[in-house]
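Colleague: Structure, please.
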Amino acid sequence: MSKKRVLTGITTTGTPHLGNYVGAIRPAVEASGQDAIESYFFLADYHALIKCQDPQQVRQSSKEIAATWIALGLDTDRAVFYRQSDIPEITELTWVLCCNAAKGLMNRAHAYKAAVQANEAAGEDPDFGITMGLFSYPVLMAADILMFNANEIPVGRDQIQHVEMARDIAQRFNHNFAEVFTLPEAVVDDSVAVLQGLDGRKMSKSYNNTIPLFGTEKQLRKAINKVKTNLLEPGEPKDPDDSTVFQLWSAFAGPAEVESMRKAFAEGIAWGEAKKQLFELINEEIAPARARYDELMADPGYVEEVLQQGAARARQESVELMAKVRNAVGISAMT
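Modeller: I've put the predicted structure just below:
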């Protein structure tokens with residue numbers, strides 16, 4: 001039976017937090033160990049340039065994210081782990097796909113439409129502050145996906161459209177030139193937890209409510225102590241289904257521990273005690289990876305070596321596929 005190829009991109013614009021770990025990193029690393037799956041993971045540093053014009057932030061985020069995935073157990077001998085900008089064929093393919101992508105398709109991209117609507121609501125020119133990077137980045141994303149003929153792309157519901165666009169662009173190319181590209185499928189796993197942040201909303205750097213994944217123990221404890229709670233006193237029953245503390249607990253605890261904490265809520269556990277136990281639970285899981293992460297951050301040469309080895313493996317395929325694309329569109333040697 002042929003293996004299913006799964007591709008995941010990680011944008012290098014921030015420091016990984018607990019929400020990234022629970023919602024993306026942990027399930028992806030677990031899935032990458034399955035024999036029936038070929039996993040491709042890449043640092044999407046070209047995508048980062050759309051959102052961030054701070055070169056040091058992009059550079060530091062790339063280092064932190066690479067170290068995070070390695071520290072959390074990604075087997076880089078098994079999975080292909082590379083940096084987008086180390087694959088020059090991706091930008092070349094992006095241009096070829098731009099010449100096959102309908103502008104109207106780009107007009108319907110959620111991010112571009114939202115930016116236009118925000119400008120119009122503010123009385124600005126519709127395209128004020130909108131770069132060609134923002135407008136055309138679905139084509140770059142299509143190139144990321146199609147370059148390695150991925151079968152499945154794990155995404156959140158807000159990203160389904162981009163996979164559908166990649167599929168549309170691939171179909172057009174295959175019809176106009178040659179059957180070069182696999183048609184990708186978006187995969188949304190509704191069983192993966194969406195972690196709540198300090199204020200009870202979805203944990204996101206956009207809301208400034210995140211708990212850093214690999215801060216020190218002291219920083220982790222301090223962050224957990226900031227999780228918003230109500231004013232119920234010790235001894236008063238608390239509703240676990242309306243509690244960020246319990247939701248965080250459920251993302252790290254086993255079934256028996258979840259039921260035990262649910263019972264403790266019903267019996268009126270103090271918020272301070274619940275947060276203390278939450279810290280101990282989370283810290284127990286991530287402490288070994290934190291130590292490895294600190295080692296990797298102190299040895300960027302090793303992290304770079306891992307990424308270069310991944311890029312070499314990836315380019316064995318990208319060079320070959322790009323040759324097929326060039327030949328299909330008529331860009332080739334005279335003899």
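
Colleague: If you count neighbours, what's buried in the helix or strand that contains Lys222?
Modeller: Secondary structure assigned from DSSP states H and E places Lys222 in helix 217-225. Within helix 217-225, the residues scored as buried using 16 or more other Cβ atoms under 10 Å are 220-221, 223-224. Using the backbone N, CA and C atoms, a C-beta is placed for each residue, glycine as well.

Colleague: For those, which two are the farthest from each other?
Modeller: Put simply, by Cβ to Cβ the two of these set farthest apart are Arg221 and Ala223, 7.4 Å from each other.

Colleague: picking that back up, run the chain-centre distance for the helix holding Lys222.
Modeller: 24 Å (Cα atoms, centre = their mean, to the nearest Å).

Colleague: Mind giving me the packing neighbours of it?
Modeller: If contacts are counted by 3 or more Cβ pairs under 8 Å, 6 or more residues apart in numbering; DSSP states H and E, helix 217-225 sits against helix 271-297.

Colleague: Could you tell me the angle between the helix holding Lys222 and helix 271-297?
Modeller: 140 degrees (axes from the mean of the first three to the mean of the last three Cα atoms, to 10 degrees).

Colleague: right, and the helix or strand after helix 217-225?
Modeller: helix 244-252.

Colleague: Check which helices and strands that following helix sits against.
Modeller: Against helix 244-252 (3+ Cβ pairs under 8 Å, 6+ apart) you get helix 255-266, helix 271-297.

Colleague: now with 6 Å?
Modeller: helix 271-297 (3 or more Cβ pairs under 6 Å, 6 or more residues apart in numbering; DSSP states H and E).

Colleague: mean confidence for the helix it packs on?
Modeller: Helix 271-297 carries an average pLDDT of 97.

Colleague: Distance from it to the middle of the chain?
Modeller: Counting by Cα atoms, centre = their mean, helix 271-297 is centred 21 Å from the centre of its parent chain.

Colleague: After it, which helix or strand is next? Please name it.
Modeller: helix 300-329.

Colleague: Pull out the buried positions in that next one.
Modeller: So helix 300-329, judged by 16+ other Cβ under 10 Å, has buried residues 303, 306-307, 310-311, 313-315, 317-318, 321-322, 325, 328-329.

Colleague: Domain-wise, how is the chain divided?
Modeller: 4-194+300-329, 214-295 (automatic domain parsing).

Colleague: got JSON lines for those domains, with distance to Ser204 too?
Modeller: As requested, these are arranged in JSON lines below (distance: least, Cβ to Cβ, whole Å):
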{"stretch": "domain 4-194+300-329", "distance to Ser204": "7"}
{"stretch": "domain 214-295", "distance to Ser204": "14"}
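
Colleague: looking at the ones you listed, which is buried most?
Modeller: Mean neighbour count (mean count of other Cβ atoms under 10 Å) peaks for domain 4-194+300-329 among these, with a mean of 18.

Colleague: end to end, how far does that one reach?
Modeller: By Cα to Cα, to the nearest Å, the extent of domain 4-194+300-329 from end to end equals 28 Å.

Colleague: How far does that domain sit from its chain's centre?
Modeller: What separates the centre of domain 4-194+300-329 from the centre of its chain is 9 Å, taken as Cα atoms, centre = their mean.

Colleague: likewise stretch 264-283?
Modeller: 30 Å.

Colleague: Identify all contacting residues around it.
Modeller: 221, 224-225, 229, 234-238, 240, 245, 248-249, 252 (Cβ atoms under 6 Å, 6 or more residues apart in numbering).

Colleague: Now with 7 Å, please.
Modeller: 217, 220-221, 224-225, 227, 229, 234-238, 240, 245-246, 248-249, 252-253 (Cβ atoms under 7 Å, 6 or more residues apart in numbering).

Colleague: So for Arg221 and Ala223, which residues contact both of them?
Modeller: By Cβ under 7 Å, 6+ apart, no residue touches both Arg221 and Ala223.

Colleague: For Gly73, grab phi and psi.
Modeller: phi 100, psi 10 (degrees, to the nearest 10).

Colleague: which residues touch it?
Modeller: Counting by Cβ under 7 Å, 6+ apart, Gly73 has contacts Val29.

Colleague: Can you check the pLDDT for it?
Modeller: Taking Gly73 on its own, its pLDDT is 96.

Colleague: Please apply the same query to Met1.
Modeller: 52.

Colleague: same thing with Arg83?
Modeller: Arg83 is assigned a pLDDT of 98 by the prediction.

Colleague: Show me the shaky parts of the protein.
Modeller: Low-confidence segments of the chain (pLDDT under 70): 1.

Colleague: Tell me the spacing between Leu296 and Ser39.
Modeller: Leu296 sits 20 Å away from Ser39, taking Cβ to Cβ, to the nearest Å as the criterion.

Colleague: go on, Gly301?
Modeller: According to Cβ to Cβ, Gly301 stands 25 Å off from Ser39.
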